Each structure stands twice: as C-alpha cells, then as structure tokens.
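**Student:** Dropping a prediction and its sequence here:
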Amino acid sequence: MGSRLGIVRVAGVDEPIRILLWFVRKDESHDPFAFRFERQLYNVLDERGVVLRPSELPWDASLMHTLAALREPSPPQRVLDELGALLSEFLEPAGWAHHSKAIVAAKGARTVYVTIRAAAAELFALPWELLTIKETQERLGALDHVVIRYEWPGTATVPPRVTAPAASRRVLLAWAGDVPASEHEDAIRSREPSREVDLEVLPHASYTRVAQALAEAEGAGRPFQVLHLLCHGAVTEDGSYGLALAAGEDAEPGATLAIAPASLQKLISNNAGALRLVVVAACDSGSARAPGSRAGSVAQRMHQAGVQAVVASRYPLSTAGSVRMARALYRALLEREQTVEEAVIAARVAVDDGASFDWASLQLYARASDGEGVSPWPPAVNDPVPTVTSSPPAARAWVVPAIGLGLALAVGVGIYGLSRLGAGAAGDDAAASAAAPDHPSRTPEASPEPAPGETSSRPEQAPTDAGVDPPPNDLPGEPGELAAVAPSSDSSATHDATGDASPAEDDAQPGTSVTRKSSKTSRTSTPATSESSCASATRACPEGLKQAIEAQLDAPTGGGSYSLRAHACVDGGVTVKTCSGCSDALLREAKGRARSVRASVVKSKGKELPCYAAFRWD
C-alpha cells in the first residue's frame, strides 16, 4: 500500500475528518528560519513526529515570480493552475491522492479540518488554499466544507484568565486611516436583539490607545473577547509587513505609523488571557513578505503570542471584500452562534465574487489541539468549558514508555506485551526531545495527556526509504498531539461542569473511541479540606475550575448583594474564605456547597493550586 500523508481521523458517520500536514526541513531542522533559495527537501511527519516520506520543493526564480503574481487583484488562471499543481506534486510522494479522495467523499456530509503545521517558516508563504483536488480539479480553499488552519509548532493557547458574565459578548473595533469604519461597525452589530453584541469603537486608533483600551476593560472585569483591527497594511523599517495605526496625539491629524509584527505580538501577548479571537482586516496581515523571514507576519506573531484564533489576509484585501468578510463572520458568530472555524468558512464563501482573489487571501491561525468547537464567547455557567491542551514536554513523552519497558524486563511475565509498549515508544523517542523553535512565542505550561474522545484511523506508515533520516533529536513541534473529537450521543465517559475528563476518560488509550457528554457536577460531599493547604492561594483559579465552583455555589436566594471568595486547595477541597453580605446561615450553606465540588476536578489543576475564585451576585 502506498504511503499516506500525516493522519486522517474519522470517528463516526457525522464526525469531521481531520488531516494534519506537518513539515520539517530535512537539513537544519533545528532552525525554522534557515531558508535557502534553492531546491529544498522537507520531511513529512505523522502526528507523533515520525518521518513518513521526504518531499522536495524547488525554491527558484520561477516560483517566486509565480507567488508575486498572486498580489494582483485578480491573478491569471494560469498562475493558480501552476501553483495548485506544484503543491499537489509536492504532497504526492506522501499520499495527497488519498486525502484528496477523502475530501471529495466528505462533500455535503462532513467538515474537513486541514491543519498546516510547519517548522520551516518559508512554507507559510505558500498558498495552500490553491491545492488541487485531483478528482474534481477544485481548489482546497474554495470548498465550503473544508477548514484550513495554520499552526506554528511549539506554541499553546493561553487559557482564559478573566471571568466575564456568561451573556457578555464584547468586541473592540479599533480602526485607523481611510477605511470603511461605519460599514464594519454595522457588520459587527447583530441584527437580532437577543444576540446583541457589546461593541466599543476606537476611532483613529494608535498602538498605545488599543493597549490602554484592552487593559482598562480587563481591569474593570469586562474584558473584550474579540479585537477587530481595521486599517491598512504597511511596510515597516525592518522590511516586514505591519499595520498602519494612528501615529499618536502629537502627530499631524491622519498620520499613521507602521507597527511591526513583533510589537503587535507583544500587544496581544499582554492580553491573550482575555482575547479569544483577533480579526485583522488589513492587507498583507498574513504575509511575512519574504519566505523564511524571522520577522514573520502579523497574524503569525499574534498566533505565537497565545491567542486562540487569528483571522487575517495573506494578500491585499479589497475594501468591498473586507466588508463582506466582516458581515459574514459576525453573522455566523453572533446570529447563528457558530464556531470560529464555521464562521471563517462563511466569510470565505461571502468574499468569493468570482473575480477577486479575496477568497484565497483569508487565513485562519488556530491549533488542532484546541479542537473544532472554538468560540470567542464566554460559556454559560453550566456549560462544559473546553480544556485547552498542549503537547507533552519532551521528558513526559518518553518517561512512561521507559517505565513500561523496565517493568517488562523485571517481571518477565507478559514480556511480549510489555516489550511492544517499549517498541511503540521508540518512534516517539526521537520526537520526544523536540525543542520549541528559536522564535518569540509562548511555551506550553501545561502538559496534559492527549485529548480524549478520539477514534484514530492511523494510516499505515510508509516504509522508510534509503537515505531518509530518522526524526532529528531537536525536532521542533508537538509530538504525540491528538486533536479533540466532537461529542457523540453514544458515550460511556462523562465530563463534569468544567469539561475535564472523568476517570473513565483519563484511562482511555490513543486509538480508542471515547466521547464526551456533559453532566452537572455531583453534589456528593467530599471530606473537609485542610485550611493549611489553601493558606497561600494568591493566584486566580483557571476558568474551568472557577466555573465548576460557581456551578455548585449558585447565587444565594432571597435577593441582596453578595461578594464571595473561595479557595481551591492542593488536597482537592474547596473552602469559602469570605462572604460579604452573607448571614451566618448563608455562609454555612455556601461552605457546605463548596465541599460538593469534586476533588478530582480540583486536583486535575495540579501545579495551579492553591488558587482563589471570587464571585459577586447582585
């Protein structure tokens, strides 16, 4: 059987198909910016970081000339055909034909999620939206059942650190320059009163004013979940594409200043715990300008800062296209309450007028490990909170298999089965010591197990050709990552109010089918906690844990205003420390309810304990 590219996951008739395209440069794989203007070999990896097949790409004057032609408002069809064929040929040795057939078969029935993960910066300069589907000659990005998301390996989504009211849907529209500001404002405002958005508009926005607006909103406990930047793209002093924001109060009216991608990364990094989505309606906001540029693109650097999703434009974006994009995007997010991925598909369809190149320009930066249910809005109190996952660090990737192998040698009984466990770790070992690329980005702090709820149909691994190197020890990336699967009705594993896995789910092995079903947290009592284990609760609890605590406490009955502070302890208990406005009876009731929070939910937060959660009811 021929080799296959990456991995395809199919867990049920109605479940999405997930395709991971993971690339690492064969030479100098430790440096994602070691681009050379010549023919280059790239290793194609499976989801565990194991090399499948190498593939070659000719970086020459002809390719650069073809890429430059895509900046035209309506590139010649010949250029699109050439690039589509080139990309398909590049993927063919690793089995693109197999995926192409799966994509065709899914049309009208399933959504296909294609993740482009590359530890070679130059590959982000390629328009993967133009990939040709052999059977139908359609473009990958033109299909309305396909989501293309870009991912820089070694980064992680920053978990929400600020609790907003469940009904809060806050958007900051910051615009600068001669742009269609009123049209974008109208596009963002929902047409259904029940889906009204809390929109603030920041005209003539400078870098400083945007930073202040985000910080003030978070400090007031009313953070923005979405930042919508509307401005022009501009070439910065270092030659990269940046954003033309207002020059500041001391500058002449209408003057703008080109803000570099690195500065915008800092802006987002400082607010990544509150922002869930950044929309950059600006030309070239998804382009690094030169292949392999260390400056990166605006969208890429925001993604590396840890924000969950970034929508941008790789090429010049037409004015009319930007308005259609905004209208379709927010109609999907607000009126139809769809996910970010579904909203991006709607936006791509809306901007395709048959003449412009806007449909291929739109880009989504998001992580496969975050799953497919990404939403920028706060969940309702009793809704499961999706857990942000990241890949295990290098040490954890090999410790468990190594212990299994040691037990096999010591016990001697069942030697065959345990030796298989050790052998299975061999492929992981090379990827295990993966290092994050030498580029400003967030390093994953958490090290959870691969996401449960997965049915894997891992393709047969291609035989290793002579001359194909094994995965390098310093391979950048996220070995062992498994993307989350949407819940199904047939489930034997349940989740508590935080979305954390129950023990049945924790024990699931990769390749087994474990689905998620939300359930309210049991109010069974847990042992009283030790006050000393909560004595140093100086950090705020993660969003998921706070939601679980609040779901148990509920708002006191009888009216009035109450401020309550609860501590989650290292021994798994929860205790109420203060309750302003509470009578003695209410305080006793609150403490009793706090003890009903499941210890397994609390202990799952590990090193983030002890922590505190503050609530207010009016």
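**Tutor:** Good, I have the coordinates. Residues are numbered from 1 along each chain as shown.

**Student:** Give me the residue ranges of the stretch 501-618 of the chain where confidence is low.
**Tutor:** Low-confidence segments of the stretch 501-618 of the chain, defined by pLDDT under 70, are located at 501-533, 535-536, 554-561, 617-618.

**Student:** which residues touch Leu123?
**Tutor:** Shown in contact with Leu123 (C-beta atoms under 8 Å, 6 or more residues apart in numbering): Phe23, Tyr42, Ile116. In short, each C-beta sits where N, CA and C put it, glycine included.

**Student:** Mind checking which of the residues you listed land in strands?
**Tutor:** When DSSP state E defines the strands, the subset of the contacts of Leu123 inside them is Phe23, Tyr42, Ile116.

**Student:** Just put these in a markdown table and tack on distance to Pro54 and neighbour count.
**Tutor:** What follows is the ones in strands among the contacts of Leu123, written out as a markdown table (distance: C-beta to C-beta, whole Å; neighbours: other C-beta atoms under 10 Å):
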| residue | distance to Pro54 | neighbour count |
| --- | --- | --- |
| Phe23 | 10 | 23 |
| Tyr42 | 7 | 24 |
| Ile116 | 18 | 20 |
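
**Student:** give the contact list for the closest residue to Val197 other than its chain neighbours.
**Tutor:** For Val197, ignoring the flanking residues on the chain, the nearest one in space by C-beta to C-beta, 6 or more residues apart in numbering is Arg169 at 4.8 Å. Arg169 makes contacts with Arg195, Glu196, Val197, Asp198, Gln225, Leu334, Trp377, as judged by C-beta under 8 Å, 6+ apart.

**Student:** ok, 10 Å please
**Tutor:** For Arg169, the residues meeting the contact criterion (C-beta atoms under 10 Å, 6 or more residues apart in numbering) are 190, 195-199, 224-226, 333-334, 376-378.

**Student:** And for Leu230, the neighbour number?
**Tutor:** Using other C-beta atoms under 10 Å, Leu230 has 25 neighbouring residues.

**Student:** Please report the distance of the residue nearest to it when sequence neighbours are not counted from Pro203.
**Tutor:** Closest residue to Leu230 apart from its sequence neighbours, by C-beta to C-beta, 6+ apart: Trp175 at 4.0 Å. Between Trp175 and Pro203 the distance, using C-beta to C-beta, to the nearest Å, works out to 6 Å.

**Student:** tell me which element Arg593 falls in.
**Tutor:** Counting by DSSP states H and E, the element that carries Arg593 is helix 584-594.

**Student:** Mind exporting the C-alpha coordinates of that helix to PDB?
**Tutor:** Extracted as PDB, the C-alpha positions of helix 584-594 are listed here (Å, rounded to 0.1, in the frame of the first residue of the first chain):
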ATOM      1  CA  ASP A 584     -24.200  33.200  59.200                       C
ATOM      2  CA  ALA A 585     -26.800  30.800  57.800                       C
ATOM      3  CA  LEU A 586     -25.800  31.700  54.200                       C
ATOM      4  CA  LEU A 587     -22.100  31.400  55.000                       C
ATOM      5  CA  ARG A 588     -22.700  27.900  56.400                       C
ATOM      6  CA  GLU A 589     -24.700  27.000  53.300                       C
ATOM      7  CA  ALA A 590     -22.000  28.300  51.000                       C
ATOM      8  CA  LYS A 591     -19.300  26.300  52.800                       C
ATOM      9  CA  GLY A 592     -21.400  23.200  52.600                       C
ATOM     10  CA  ARG A 593     -22.000  23.600  48.800                       C
ATOM     11  CA  ALA A 594     -18.300  24.300  48.300                       C
END
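
**Student:** What's the first helix or strand after that helix?
**Tutor:** Per DSSP H and E, the first helix or strand lying C-terminal to helix 584-594 is helix 599-603.

**Student:** Can you verify my assumption that Gly606 contacts Ala568?
**Tutor:** No. Proximity of Gly606 to Ala568 does not meet the contact threshold set by C-beta atoms under 10 Å, at 11.4 Å.

**Student:** Comparing these two, which residue is more hemmed in?
**Tutor:** Neighbour comparison, Gly606 and Ala568: the larger count goes to Ala568, with 31 against 11 (by other C-beta under 10 Å).

**Student:** Bridged to that one, which residues?
**Tutor:** Residues in a beta bridge with Ala568, per DSSP bridges, are Val574, Cys611.

**Student:** tell me the contacts of it?
**Tutor:** 529, 533-534, 537, 541-542, 545-546, 548-549, 574-575, 594, 597, 601-603, 605, 608-613.
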